[in-house]
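A.B. asks: Attaching a predicted model along with its sequence, questions to come.
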Amino acid sequence: MAQRKPFRWHIVVFLAPAVLVYTAIMIVPLIGTLNLSLFSLTEAGERVFVGLQNFATLFGDPRWSESFWNALINNAWFFLIHMLVQNPIGVMLAALLSSPRLRMAAFYRTAIFIPTILSFVIVGFVWKLILSPIWGIAPGMLDAVGLKSLFAPWLGKEEYALTTLALISVWQFVGIPMMLIYAAMLSIPDEVIEAAEMDGVTGWSQFWKIKLPLILPSIGIISILTFVGNFNAFDLVYVSQGALAGPNYATDILGTFLYRTFFGFQLQLGDPHMGAAIATAMFAIILVGVSIYLFAIQTRLRRYQF
Amino acid sequence: MGPYGPDHRESNMTKNLRLALLASTVLAGTASAQDVTLTVESWRNDDLTIWQDTIIPAFEEANPGIKVQFTPSAPAEYNAVLNSKLEAGSAGDLITCRPFDASLELFSQGQLADLTDLDAMSNFSDVAKSAWQTDDGSATFCVPMASVIHGFMYNKSIFDELGLEVPTTNEEFYAVLDAIKEDGTYIPMAMGTADQWEAATMGYQNIGPTYWKGEEGRRALIEGTQKLTDEAWVEPFRQIARWSDYLGDGFEAQTYPDSQNLFTLGRAAIYPTGSWEIGVFTPQIDGMFEMGAFPPPVQAEGDTCYISDHTDIALGMNAATENPEAARTFLNWVGSPEFATLYANALPGFFSMNSTPVEMEDPVAQKFVSWRENCEPTIRSTYQILSRGTPNLENETWNASANVINGAETPEDAAARLQDGLASWYEPQQQ
């Protein structure tokens, strides 16, 4: 008869710090937020349990739901621009950087990555100045090449403002997909590339048929990071357009909508309970998105072991 | 005042921040052990040097044993920061009060102390105190410090160069703007819609009282006898919609600091504004040109003029302060004529509400305050009671004013939307 194994205390001991810290700074506040969204204040200022009433207001009251859907749709567009612009450019830059014939690769790599480490405040402010119709260099530069007529006060136009902000964000963060893909490309063994060359697969077809399938898992990770980052975004819009996310709420995303509701703005007093309801909705959206990725996409991605 | 308001100047922010950090270390180091130190919470980070060089030394000299520390935060974040600090119990002893509901809310939550029995309160009229009282006027919780007056500033050199007269009626006003536009050298009017609050505060609330007849219309709106869709409330939107012809290129992306700079650099002739700019502009213009001011133009010659003389800033006491005695001493001093003179002259454009008349040296400030003699004063229409619900009338007015100027919404549609929003929660407007 086998002896019963003693309880392996060291597992608990080694996990404890991470579990405690993570619980204290992530799980407890998260549950606190979910909990807060189930309460409301009465006229007399007492906190009462209202069940899902805040959510009913958020989705049922036409004023609230209109703001919410506007923010969600804007957020989806913000994400789409990132997926269509940031990630393909990131892959392309990584492919160029990993080309052995490129000189000064380290310089380009650093230069493209630098905006990522800048603060949102700096990025927002600098771009606001660049694009300013009054002091900005954008009108002057367009004028120099005879394209002044193309200039518009982009950040002030309802139809362009959100796309402009999304592209600014792409400019800032394109370094991240580039770095991740670059690392993935470097880890492709030379033998695989050599074998491909022996079989006559070179150039573009080598990229499409050999490299791209090998970096797909990285692209998946980048997509999900972009998704989470975009649906939690707030700073850039707040810095460049203010909490009212003008013009006419054209740049309002879930983060700014949450901020206005939770903390209040100008004469509007903060409403932590409705704010928590919005935060919970954001959490649900991100959770669903991440789950779809984890269960539907990631499990189907083929991995190659070398 | 707006978060991007008179108090928010990006050029000054970094400097102020550095000063604030420096000041807090220095002050913390020098206060001796037996002294009581009072901390003042404020959004007026532009005034840091004035508090440190003028106001605080004057108080400390007269009241040995009490030290005062002025710790402002960024205007846009002030309300949120203050609320969190109060809830965490780390807020300062003295709290700078926003007018009306933001402060009333703090008072009803027991975070601001009742100051009704403070001696200095007798120095203020009921109108001056109204922004910091309960709805029934039974309790006052902040000592009024200053009000600001809306109007238009203009560049006298440009007016002289083009041979223009200061307009008094609407017709003259547009004639002047047309003349400047015709000439083409200068931008007729410096205003942008990017920050939205400019359009609402410098536009709608500036000229609006002329149409809704100041207090009369404002009270009628609160009582529910007038609606935002009435002619008196729609016409100001039509007027500011007309302004778009006279604004600079790309005004849709022009921010408040942009507008300020266009005016102080002498590139724009007229600037719809408020008196708080005087103190900021005078050193920036630095004698380059002479600045003048005129009140919102009237509809027809001889009409009564109305101005927005907005009760804007007051000082209250944190109910949880450990030094209530010292704090009350400071508040009594803030309510004294001595402080009023000191403050009004250190910050020209912030007008004392003290019953004792204050001598002011700045000519532009004198000009602004002179309108009180023959114009009817009122406060911003959205501030009392009407911005309590959701949707928030003030925020919606920012949005609507910017939309109207950008041409994204007609004045009638904007007014109808505001009225719908207000009526959705405000009972007197539901009949």
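C.D. replies: Nice, thanks for sending it over.

A.B. asks: For the residue of the stretch 201-350 of chain B found nearest chain A, the count of nearby residues, please.
C.D. replies: Going by CB to the nearest CB, chain A is nearest to residue B:250 of the stretch 201-350 of chain B, at 2.4 Å. Backbone N, C-alpha and C define where each C-beta goes, glycine included. For residue B:250, the count of nearby residues is 23 (other CB atoms under 10 Å in any protein chain shown).

A.B. asks: Could you give me the buried positions within the helix or strand residue B:182 falls within?
C.D. replies: Using DSSP states H and E, residue B:182 sits within helix B:170-183. Of all the residues in helix B:170-183, those buried under the rule 16 or more other CB atoms under 10 Å in any protein chain shown are B:170, B:172-174, B:176-177, B:180.

A.B. asks: try stretch B:276-296
C.D. replies: Those would be B:276-282, B:285, B:289, B:291-296, for stretch B:276-296 by 16+ other CB under 10 Å.

A.B. asks: In helices, which of the residues you listed fall?
C.D. replies: If you go by DSSP state H, those have B:277-282, B:285 in helices.

A.B. asks: so what's residue B:391 up against?
C.D. replies: With contact set as CB atoms under 8 Å, 6 or more residues apart in numbering or on different chains, residue B:391 has these partners: A:63, B:421, B:424.

A.B. asks: okay, now the domains of chain B?
C.D. replies: Domain assignment for chain B, taken from automatic domain parsing, gives B:10-146+B:311-362, B:149-308+B:380-429.

A.B. asks: Would you mind identifying the helix or strand in chain A with the lowest mean pLDDT?
C.D. replies: The weakest-scoring helix or strand in chain A, judged by mean pLDDT, DSSP states H and E, is strand A:268-269 (a mean of 80).

A.B. asks: Now do the following helix or strand past that strand: which elements does it pack against?
C.D. replies: Following strand A:268-269 in sequence order, the next helix or strand is helix A:272-291 (DSSP H and E). Applying 3 or more CB pairs under 8 Å, 6 or more residues apart in numbering or on different chains; DSSP states H and E, one finds that helix A:272-291 contacts helix A:28-36, strand A:39-41, helix A:53-60, helix A:62-81, helix A:212-231, helix A:254-263.

A.B. asks: which one of the buried residues of stretch B:276-296 sits closest to residue A:185?
C.D. replies: Nearest to residue A:185 among the buried residues of stretch B:276-296, counting by CB to CB, is residue B:280 at 54.4 Å.

A.B. asks: who touches the residue of chain A found nearest chain B in this structure?
C.D. replies: With CB to the nearest CB, the shortest gap between chain A and chain B falls at residue A:133, namely 2.4 Å. Counting by CB under 8 Å, 6+ apart, residue A:133 touches A:139, A:151, A:153, B:248-251, B:253-254.

A.B. asks: So which of the residues you listed belong to helices?
C.D. replies: Per DSSP H, helices hold the following members of the contacts of residue A:133: residue A:139.

A.B. asks: Mind giving me the PyMOL select for the contacts of residue A:133, buried ones only?
C.D. replies: Only the buried entries of the contacts of residue A:133 go into this PyMOL selection, using 16+ other CB under 10 Å:
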select buried, (chain A and resi 139+151+153) or (chain B and resi 248+250+251+253+254)
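
A.B. asks: pLDDT and distance to residue B:302 added to the contacts of residue A:133, as a markdown table?
C.D. replies: Shown next, in a markdown table, are the contacts of residue A:133 (pLDDT from 0 to 100; distance: CB to CB, whole Å):
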| residue | pLDDT | distance to residue B:302 |
| --- | --- | --- |
| A:139 | 89 | 45 |
| A:151 | 90 | 46 |
| A:153 | 91 | 40 |
| B:248 | 92 | 33 |
| B:249 | 89 | 37 |
| B:250 | 91 | 39 |
| B:251 | 94 | 33 |
| B:253 | 92 | 40 |
| B:254 | 93 | 35 |
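
A.B. asks: Export the contacts of residue B:391 as CSV, with columns for distance to residue B:142.
C.D. replies: Formatted as CSV, the contacts of residue B:391 follow (distance: CB to CB, whole Å):
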residue, distance to residue B:142
A:63, 32
B:421, 29
B:424, 30
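
A.B. asks: what would those look like in JSON lines with pLDDT?
C.D. replies: Output for these, formatted as JSON lines (pLDDT from 0 to 100):
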{"residue": "A:63", "pLDDT": "89"}
{"residue": "B:421", "pLDDT": "94"}
{"residue": "B:424", "pLDDT": "93"}
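
A.B. asks: Separate out the buried members of these.
C.D. replies: Buried, going by 16+ other CB under 10 Å: residue B:421, out of these.

A.B. asks: Residue A:177: which of the contacts of residue B:391 is nearest?
C.D. replies: Once CB to CB is applied, the member of the contacts of residue B:391 that ends up nearest residue A:177 is residue A:63, at 38.1 Å.

A.B. asks: any idea what the closest residue to the closest one other than its chain neighbours is structurally, helix, strand or coil?
C.D. replies: Spatial nearest neighbour of residue A:63, chain neighbours left out: residue B:391 (5.7 Å); criterion: CB to CB, 6 or more residues apart in numbering or on different chains. Of the three states, residue B:391 takes coil according to DSSP: H, G, I helix; E, B strand; the rest coil.

A.B. asks: Perfect, I'm done here.
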